[in-house]
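# Output the structure for:
(4 chains)
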Number of protein chains: 2
Amino acid sequence: MPDNKAVVKTGNEKSISPAVIKRLPRYYRYLGDLLKNDVVRISSKELSQRMNVTASQIRQDLNNFGGFGQQGYGYNVEYLYNEMGKILGLDRTNNIIIVGAGNLGQALANNQDFDSNGFKIIGLFDVNPRLIGMTVRGVEVYDIDMLETFLKEHEVMIAALTLPKSKAVKVAEQLVDLGIKALWNFAPVDLHFSEDILVENVHLAESIMTLSYRIHSQNQ
Amino acid sequence: MPDNKAVVKTGNEKSISPAVIKRLPRYYRYLGDLLKNDVVRISSKELSQRMNVTASQIRQDLNNFGGFGQQGYGYNVEYLYNEMGKILGLDRTNNIIIVGAGNLGQALANNQDFDSNGFKIIGLFDVNPRLIGMTVRGVEVYDIDMLETFLKEHEVMIAALTLPKSKAVKVAEQLVDLGIKALWNFAPVDLHFSEDILVENVHLAESIMTLSYRIHSQNQ
DNA sequence: TAGATTGTTAATCGATTAACAATC
DNA sequence: TAGATTGTTAATCGATTAACAATC
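Now for the predicted structure:
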């Protein structure tokens, strides 16, 4: 009987490095722009010049997911754009709720970029009675007490956390308990859950601080 | 006559790697939290456990800027916090203008985190007559035509760009012409200027896309 | 002093770039 | 076919981790 070690697969066979993953949306954006400008094909070299990266990196990155190009030709823009969209999970509708309907939550709800990429904001939640009942771009603001009911009735994977630091951790725990799988966290705290709960942080204060650092370190 | 090559310095003698720079604000945040909780001293080991990084990395990162610790003792939290603040340029007032006074611009203007770290939003600008004249948290929204006048009267290094993609590039060029040194760009475009103009991007669409990628690639 | 913990050098790991054979 | 450009392997570069002598 032949031993069949290495036959059992660990789920994620070839895991893609975080560095690569972070670059994917930028490729997608450039390809979308090219498509809009009716560019039919592009070589890794030309794309590299536009994006200010190396052609080698582009080819390496793309080949993590398959051979999308053709020798002597380059890449078909529309095909590659669509394939990248599938890789990014943009070929389906990703329902999102926004918890915290203040300025930032409303700004997200109003952002058209999301809709056009398959993200659909289907509800905002807040504790503030002045906000509850409002609609933002057609999306209602619900009482945060309605979360459980709402999440039973709608399939939602992603919750954006646009609420004060003090409430973020507790609400995040509640959301995870209610079945949310991914947190898009705008609060200046680090959230820790089990491995299968995904967290993507947008730390604005940290972003502006790195800019400040660079300004003040510029000339020594 | 001794040759004195290597005496002329290139300005930035030991340039800090981008990876390190990006971690600095997070250290600063943790130290601030520790300080608030009246923790007087902390070892790299304990901090590493709280932050979920290696102690080695913390020591390496900090030692890019000097020896802030003491053998056998660790780091004095208040001292290190203050030193990090200086490194990040938070020990002075950093004036900011926000160009684009929509939801996102208003959200930034309302964000208290910035004030407490030495960032001061001193003006918003927009083309929309409905917004012009409004105040957000005490800060006025000006006609975008007033930019030149305003920037002559105020010392501003940083401009936040919270306006539509279509206008971002042109307005950015105008701001650079008017002497702005750093752009905090929220529009989904890449801005390219000469080396001394700093750009920090916050690409929200790209952020949510990486989350989407991770969701859909989770189980194969 | 003994114990703890830094600062720093050396080793490892991972990511980027270069090179080129394969091939359209 | 000849030229162009990919896919992929190998070389380089940079960042992280480990180790430990220095020292408080």
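
# C-alpha from now on. contacts and neighbour counts both.
Noted.

# in what helix or strand does A:R26 lie?
helix A:18-36 (DSSP states H and E).

# check whether the next helix or strand after that helix contacts DNA strand C.
Going down the chain from helix A:18-36, the next helix or strand is strand A:41-42, by DSSP H and E. No - Strand A:41-42 does not reach DNA strand C (C-alpha under 7 Å from any atom of the strand); its nearest approach is 13.1 Å.

# shaky segments in chain A?
Low-confidence segments of chain A, defined by pLDDT under 70: A:1-14, A:219-220.

# name the helices or strands packed onto the lengthiest strand in it?
If you go by DSSP state E, chain A has its longest strand at strand A:119-126. Applying 3 or more C-alpha pairs under 8 Å, 6 or more residues apart in numbering or on different chains; DSSP states H and E, one finds that strand A:119-126 contacts strand A:94-99, strand A:139-143.

# Mean neighbour count, the ones you listed: which tops it?
Across the helices and strands packed on strand A:119-126, the average number of neighbours (mean count of other C-alpha atoms under 10 Å in any protein chain shown) peaks for strand A:94-99, which reaches a mean of 23.

# in its sheet, what does it sit against?
According to DSSP bridges, strand A:94-99 forms sheet pairs with strand A:119-126 (parallel), strand A:158-161 (parallel).

# Break chain A into its domains for me.
Domain ranges of chain A: A:18-87, A:94-206, per automatic domain parsing.

# At which residues are the strands of chain A located?
Using DSSP E, strands in chain A cover A:41-42, A:69-70, A:74-76, A:94-99, A:119-126, A:135-136, A:139-143, A:158-161, A:182-185, A:198-201.

# So which of those is the most surrounded?
Ranked by mean neighbours (mean count of other C-alpha under 10 Å), those are led by strand A:158-161, with a mean of 26.

# And the contacts of it?
The contact list for strand A:158-161 (C-alpha atoms under 8 Å, 6 or more residues apart in numbering or on different chains) reads A:94-100, A:105, A:168, A:172, A:175, A:180-187.

# please redo it, this time with the cut-off set to 6 Å
Applying C-alpha atoms under 6 Å, 6 or more residues apart in numbering or on different chains, the contact partners of strand A:158-161 are A:I96, A:I97, A:I98, A:V99, A:A182, A:L183, A:W184, A:N185, A:F186.

# so how far is DNA strand C from the spatially closest residue to the last one that is not a sequence neighbour?
Computed as C-alpha to C-alpha, 6 or more residues apart in numbering or on different chains, the closest residue to A:F186 that is not its neighbour in sequence is A:V202, at 5.0 Å. In this structure, A:V202 lies at 20 Å from DNA strand C, with C-alpha to the nearest atom of the strand, to the nearest Å as the measure.

# Kindly report the same for A:E46.
14 Å.

# Out of the helices and strands packed on strand A:119-126, flag the one nearest B:L198.
strand A:94-99 (31.6 Å; C-alpha to C-alpha).

# Name the residues that touch the closest one?
By C-alpha under 6 Å, 6+ apart, strand A:94-99 touches A:118-125, A:156, A:158-162.

# Any chance of JSON lines for these, columns distance to A:V20?
What follows is those, written out as JSON lines (distance: C-alpha to C-alpha, whole Å):
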{"residue": "A:G118", "distance to A:V20": "22"}
{"residue": "A:F119", "distance to A:V20": "22"}
{"residue": "A:K120", "distance to A:V20": "26"}
{"residue": "A:I121", "distance to A:V20": "27"}
{"residue": "A:I122", "distance to A:V20": "30"}
{"residue": "A:G123", "distance to A:V20": "32"}
{"residue": "A:L124", "distance to A:V20": "32"}
{"residue": "A:F125", "distance to A:V20": "34"}
{"residue": "A:V156", "distance to A:V20": "26"}
{"residue": "A:I158", "distance to A:V20": "22"}
{"residue": "A:A159", "distance to A:V20": "24"}
{"residue": "A:A160", "distance to A:V20": "24"}
{"residue": "A:L161", "distance to A:V20": "25"}
{"residue": "A:T162", "distance to A:V20": "27"}
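
# All good on my end, thank you.
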